[in-house]
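Asker: my questions concern the predicted model and sequence given below.
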Amino acid sequence: MEKRKSKIVGKKELLSRFPSLSQNIFDQADQLFPVRITRNWLARVKSMNDPLGKQAFPHSSELKSQDGDLSDPVGEEILSPHPWLIQKHADRILFITTRRCHLYCRYCFRRNHTGAEDPTKEELKSAINYINEHKVQECILSGGDPLAVSHARLSQIIGEVRTPIIRIHTRAPITEPNVVTPRLVQLLQKRSGVWVIVHCNHPEELSKDVRNGLRLLIQAGIPVLNQAVLLKGVNDSVDVLRRLFQELVQLQVFPYYLHHTDSAAGNGEFRVSLERGLSIYRELSKIVSGIALPKYVIDPPDGSGKIDVATYVRNNHGKASRNP
Ligand code: SF4
């Protein structure tokens, strides 16, 4: 019987298919933040430095500290009432359902998180109890990737969390679209108020199977929104962002946020200055309609929560030329 290929591409295969990938850089970067690339994603990569390759392949810049590196870039540590929960606002709570992802994006702002990959059964139960006792409006399932947990666990969370709205913040439909199955959709329909917020940064991420998965969710009546991150060398271009947002709207996926890159140690290679980000956004706002224009936001390190970049720059005395 033919051996089934793993969904994740192993180190040996990556090194042999991409001879310019240094084993030394791979090993060192992997120690800091695991290198993990899905076979599905790799099929869309033409070179290590193209927009999709850049997001997934380790780079020497990850190994050096850079100006602006922050250990807690969006101020989450001080706002954690439970080991797996973060609460910045009275009406919302963020639930780290796992620290695992199908693919580890090299720019991830949680790339320096340490600790267990998943909550224990007891921790899961106590996190759900905390959420229910505090009567918040929205529970945001995040991570890691909440669609990297088993269906049994996801079903438990969705069934037991009693907030009116549950938001599932996931990159899985983009990096490993095979996770979007009729069975998953059925699970998400187990209760009302489930929204899915995907994370797509470049139009080339929207392959045929990614589009099919998104359609499956939308046709089931599940609202689907997108968050993108502004990334140097990936999508810091008016034309790329225009194409991305217009294609998402055609799919009926609402472009919700464009995030300014959070300055986590190791992701300096991807940072765009506030000045350049604002300039791209202003140009974009002249050529796309309101439904194709996400809010351009930044999540400051003081933990105060997202704010639009223009206001943030104004409040910080016009210091637009640096990263926060
Ligand atoms: S999927 Fe999200 S949490 Fe996971 S590595 Fe990518 S950006 Fe980070």
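Answerer: Noted; the coordinates are in hand.
Asker: can we go C-alpha only for contacts and neighbour counts from here?
Answerer: Will do.
Asker: just the CA trace of the helix or strand where Leu244 lies, in CSV.
Answerer: Secondary structure from DSSP states H and E places Leu244 in helix 238-250. Extracted C-alpha coordinates of helix 238-250, given in CSV (Å, rounded to 0.1, in the frame of the first residue of the first chain):
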residue,chain,number,x,y,z
VAL,A,238,-1.4,49.4,-2.9
ASP,A,239,-2.1,47.1,-5.9
VAL,A,240,-1.6,43.8,-3.9
LEU,A,241,-3.9,45.0,-1.1
ARG,A,242,-6.5,46.2,-3.6
ARG,A,243,-6.5,42.8,-5.3
LEU,A,244,-6.7,41.0,-2.0
PHE,A,245,-9.6,43.0,-0.6
GLN,A,246,-11.6,43.1,-3.8
GLU,A,247,-11.2,39.3,-4.3
LEU,A,248,-12.3,38.8,-0.7
VAL,A,249,-15.4,40.9,-1.2
GLN,A,250,-16.2,38.9,-4.4
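Asker: start from the N-terminal end of the stretch 201-324 of the chain and give the helices.
Answerer: Secondary structure of the stretch 201-324 of the chain (DSSP state H, counting those that start in this stretch): helices at 208-219, 238-250, 274-287, 309-315.
Asker: using TSV, lay out those together with distance to the ligand, mean pLDDT and mean neighbour count.
Answerer: As requested, the helices of the stretch 201-324 of the chain are arranged in TSV below (distance: least, C-alpha to the nearest ligand atom, whole Å; pLDDT from 0 to 100; neighbours: other C-alpha atoms under 10 Å):
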stretch	distance to the ligand	mean pLDDT	mean neighbour count
helix 208-219	15	98	17
helix 238-250	18	98	19
helix 274-287	19	98	17
helix 309-315	20	95	16
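Asker: wait, which of those is closest to Asp67?
Answerer: Closest approach to Asp67 among those is made by helix 274-287 (14.7 Å; C-alpha to C-alpha).
Asker: and the closest one, what does it pack onto?
Answerer: Packing partners of helix 274-287 (3 or more C-alpha pairs under 8 Å, 6 or more residues apart in numbering; DSSP states H and E): helix 238-250, helix 309-315.
Asker: Throw the ones you listed into TSV and include distance to Val136, thanks.
Answerer: Formatted as TSV, the helices and strands packed on helix 274-287 follow (distance: least, C-alpha to C-alpha, whole Å):
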stretch	distance to Val136
helix 238-250	30
helix 309-315	27
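Asker: fine by me, thanks again.
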